[in-house]
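A.B. asks: coordinates only, sequence not included:
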């Protein structure tokens, strides 16, 4: 079984998130993509976040009807600062041993991987899927990882990924470029502008009915 782990603030979740997940299911034959709204993120500046239960509710609403998508509230339930290594280890302990986990993230986030807690261990205990986005096409694995770590990875032409000698592989995939961001959506709402067709209709209604982001 191949399971993608898609974490983020999802403040709010938008069509860009959903389209990327849908394409990765097809490109890498994933059986499931688990959306994991963040609790408290260590490397993010403090900023107003909607309470967790609202962000989780919007994710649940957005993924309804897609059998390959599911929601995990574990980072909120665990409490404290959300570290990816802890989340991945929990999944590894719950799924059968033969399950392949794929940690999904943007290329702009991956370039800061060396700042993450236990990042070397994280690279070895699961696979990574790096989603390419505008402005980061020139960044390669070679200039995002220290040389001593890079030496552990070799390019696999058949699978089109970098395979680690101690486990874990890194896939880089160019996806449909939907230049949508949660930050821009919040700014549009604050300015009284339309966000229709940037978010699922149900999420738009949820936000409008509660006056969020104004």
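C.D. replies: Structure received. None of the values given here were measured: they were computed from a predicted structure.
A.B. asks: looks to me like residue 29 is in a helix.
C.D. replies: No. Counting by DSSP: H, G, I helix; E, B strand; the rest coil, residue 29 is not found in a helix; it is coil.
A.B. asks: which regions of the chain lie under the pLDDT threshold?
C.D. replies: The chain contains residues with pLDDT under 70 at 43-47, 133-140.
A.B. asks: so which residues of it form strands?
C.D. replies: Using DSSP state E, the strands found in the chain span residues 2-8, 32-37, 69-71, 100-106, 127-132, 153-156, 161-164, 169-174.
A.B. asks: quick one: the helices in the protein, in order.
C.D. replies: Using DSSP state H, the helices of the chain run over residues 15-27, 52-63, 74-78, 84-94, 107-110, 119-125, 147-150, 182-190, 201-210.
A.B. asks: ok, and what's touching the fourth one?
C.D. replies: Right, the one you point to is helix 84-94. Around helix 84-94, the neighbours that count as contacts under Cβ atoms under 8 Å, 6 or more residues apart in numbering are 3, 5, 7, 34, 36, 74-75, 78, 101, 103, 116-119, 121-122, 125-126. In this view, the C-beta of every residue, glycine as well, is placed from N, C-alpha and C.
A.B. asks: need the buried ones from the residues you listed selected in PyMOL.
C.D. replies: Buried residues among these (16 or more other Cβ atoms under 10 Å), as a PyMOL selection:
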select buried, resi 3+5+7+34+36+74+75+101+103+116+119+122+125+126
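A.B. asks: who touches the closest residue to residue 202 other than its chain neighbours in this structure?
C.D. replies: Distance criterion Cβ to Cβ, 6 or more residues apart in numbering; nearest residue to residue 202, sequence neighbours excluded, is residue 61 at 4.6 Å. Applying Cβ under 8 Å, 6+ apart, we find residue 61 in contact with 200, 202, 203, 206.
A.B. asks: now do residue 39
C.D. replies: 52, 75, 76, 78, 79, 80, 81, 82.
A.B. asks: can you redo the residues you listed as TSV with distance to residue 186?
C.D. replies: Below are these laid out as TSV (distance: Cβ to Cβ, whole Å):
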residue	distance to residue 186
52	17
75	21
76	20
78	26
79	26
80	25
81	23
82	20
